[in-house]
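> test case, fold it:
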Amino acid sequence: MRMCSICSMPRGLPMARWPQRSCPMRFRLACMASSWRGDCLRLTSFVLVGLFSLAIAVLVWWLADDAGSFPQILTVSLCIGWPVYLAFELAHERLSRWLGPWLAPVPVVALGLALGLPLAGALVAGQPLFFFSGDFGTLGLGLFFGITGFLIFGTRERLRETRELLAEAELKQSQQGKLLAESELKSMQAQIEPHFLFNTLSNITQLIRSNPDLAVSTLENLTTLLRGSLARTRSSESTLGQEIDFAEAYLAIQATRLQGRLRYEVELPEELRDVPLPPLLIQPLLENAVIHGVEPLPEGGDILLTARQFDDEVVLSVCDTGPGISEHGLSSGTGLRNVRERLRLRYGTDAELTLTATFPDGLLAEIFIPLATP
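Residues are numbered from 1 along each chain as shown. Okay, here's the model as predicted:
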């Protein structure tokens, strides 16, 4: 019996007989769909065998004047074609394992003829052994056309099975890729760069004596980031408002570290705060803007973070006044690849990340996401 490569259960096994813990519901639905497709293909093959038998009957009736009436020839042809197909469905897989794909057609066709010719003899001449006595021409023609049809439809069946196996392999690969991406995302969500954490704590230590208020503010921003990192490990969902709050805390800490060389502004309409958003889409863009855009310049620079709605789309923008896209070298960076992958997993082709050079200097990174979550 053929086994399903999705859940390793026998194909065609009634749902009521599936072990309750052996096959998760999402796999059960996939198996049901696979079984339904298999039934449809078998019905199609059954009809095609009938048409093939009809074509053979027409050919024999046209070439052989003494073969009998067309209804008799068609009856014999169908009594050979359909039993051979039935024998193929019942025994071909096992015989192929025993005899190999090239020898298996002979016993399969012989079995089909052993089933079909007695039926044809009974229907046409009233004698089940009519075609096994005297002239063996009908038996020879049946064997020839049976093997020919077997090769045609057997090849078609093998191609169908190959396509099914390829589709199932692609499904498994896609599921494994999604699980890997989710695992990497959870790892990133739980991670705050150690050097960033140590530098922030060092800045807080220095500010405690010189500027206690700024030290307290920086500590509060760090607490916000740590709380956000912890929350991200427990949920794969966030909101635009939460992500902007985390982004603003990150920018405030970096502005303190760069001692005034980083100036930033955040704009978020209140009506967009509750828009669902996957976590860690904005922060990689800000990290690139700070590390590659503002920090290398002696005079520093500005970063503008905005969220806007256009019709049924939300646009998140991070614009900096750094050296620009040519010196950023960001198009193939790990952070941006991760952002694009998360957008693809969540929104498919309905979301995108674009990078645009601004005049005279700087880089504009924009994320376009649909307002309604699919």
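> could you use CA atoms for every contact and neighbour count after this?
OK.
> show me where the stretch 251-374 of the chain has its strands.
With DSSP state E, counting those that start in this stretch applied, the stretch 251-374 of the chain shows strands at 262-267, 276-277, 301-310, 313-320, 352-357, 363-370, listed in chain order.
> I'd like the ones you listed laid out as a markdown table, including mean neighbour count and mean pLDDT.
Below are those laid out as a markdown table (neighbours: other Cα atoms under 10 Å; pLDDT from 0 to 100):
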| stretch | mean neighbour count | mean pLDDT |
| --- | --- | --- |
| strand 262-267 | 15 | 94 |
| strand 276-277 | 19 | 91 |
| strand 301-310 | 18 | 94 |
| strand 313-320 | 21 | 94 |
| strand 352-357 | 16 | 91 |
| strand 363-370 | 21 | 94 |
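> include distance to residue 49 when you put those strands into JSON lines, please.
As requested, the strands of the stretch 251-374 of the chain are arranged in JSON lines below (distance: least, Cα to Cα, whole Å):
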{"stretch": "strand 262-267", "distance to residue 49": "68"}
{"stretch": "strand 276-277", "distance to residue 49": "54"}
{"stretch": "strand 301-310", "distance to residue 49": "57"}
{"stretch": "strand 313-320", "distance to residue 49": "53"}
{"stretch": "strand 352-357", "distance to residue 49": "50"}
{"stretch": "strand 363-370", "distance to residue 49": "50"}
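> residue 110: which of these is closest?
Nearest to residue 110 among these is strand 352-357 (60.6 Å), distances taken as Cα to Cα.
> describe which strands the closest one pairs with in its sheet and in which direction.
Using DSSP bridges, the strands paired with strand 352-357 in its sheet are strand 363-370 (antiparallel).
> and the lowest mean pLDDT element among the helices and strands of the chain?
Ranked by mean pLDDT, DSSP states H and E, the weakest helix or strand in the chain is helix 325-328, scoring a mean of 55.
> beta partners for residue 263?
Residue 263 has the following beta-bridge partners by DSSP bridges: residue 302.
> I'd say it and residue 305 touch.
No: contact between residue 263 and residue 305 fails when scored by Cα atoms under 8 Å: they sit 11.3 Å apart.
> shared neighbours, those two?
Here residue 263 and residue 305 share no contacting residue, scored by Cα atoms under 8 Å, 6 or more residues apart in numbering.
> please, where are all the helices along this structure?
For the chain, applying DSSP state H gives helices covering 25-63, 70-99, 105-124, 137-189, 194-210, 212-234, 240-257, 283-288, 325-328, 334-347.
> who's in contact with residue 343?
Residue 343 sits in contact with 351-352, where contact means Cα under 8 Å, 6+ apart.
> and the nearest residue to residue 70 once chain neighbours are set aside, what's its pLDDT?
Of all residues not flanking residue 70 in the chain, residue 61 sits nearest, at 6.1 Å (Cα to Cα, 6 or more residues apart in numbering). According to the model's per-residue confidence, residue 61 sits at a pLDDT of 72.
> how far away is residue 61 from residue 77?
Relative to residue 77, residue 61 is positioned 11 Å away (Cα to Cα, to the nearest Å).
> more neighbours: which of these two?
The neighbour count for residue 61 versus residue 77, taken as other Cα atoms under 10 Å, is higher for residue 77 (28 against 19).
> surely that one touches residue 55?
No: here residue 77 lies out of contact with residue 55, judged by Cα under 8 Å, at a distance of 9.2 Å.
> from residue 45, how far off is the nearest residue to residue 77 once chain neighbours are set aside?
Excluding its sequence neighbours, the residue lying closest to residue 77 (Cα to Cα, 6+ apart) is residue 53, at 5.3 Å. The gap separating residue 53 from residue 45 is 12 Å, by Cα to Cα.
> neighbour count: these two, which is higher?
residue 53 (25 against 16).
> the more buried one touches residue 83, doesn't it?
No: between residue 53 and residue 83 there is no contact, the gap being 11.4 Å when judged by Cα under 8 Å.
> any low-confidence regions in the stretch 101-250 of the chain?
Along the stretch 101-250 of the chain, the model assigns pLDDT under 70 to residues 101-106, 127, 130-158, 160, 174-175, 177-195, 229-236.
> separation between residue 45 and residue 291?
Applying Cα to Cα, one obtains 63 Å for the distance of residue 45 from residue 291.
> just residue 309 next, same as before
The spacing between residue 309 and residue 291, counted by Cα to Cα, is 28 Å.
> same thing with residue 159?
Noted for residue 159: a distance of 54 Å to residue 291, by Cα to Cα.
> next: residue 75.
Here the criterion is Cα to Cα. By it, residue 75 lies 82 Å from residue 291.
> more crowded one of those two?
With neighbours defined as other Cα under 10 Å, residue 75 and residue 291 compare such that residue 75 has more, 19 against 13.
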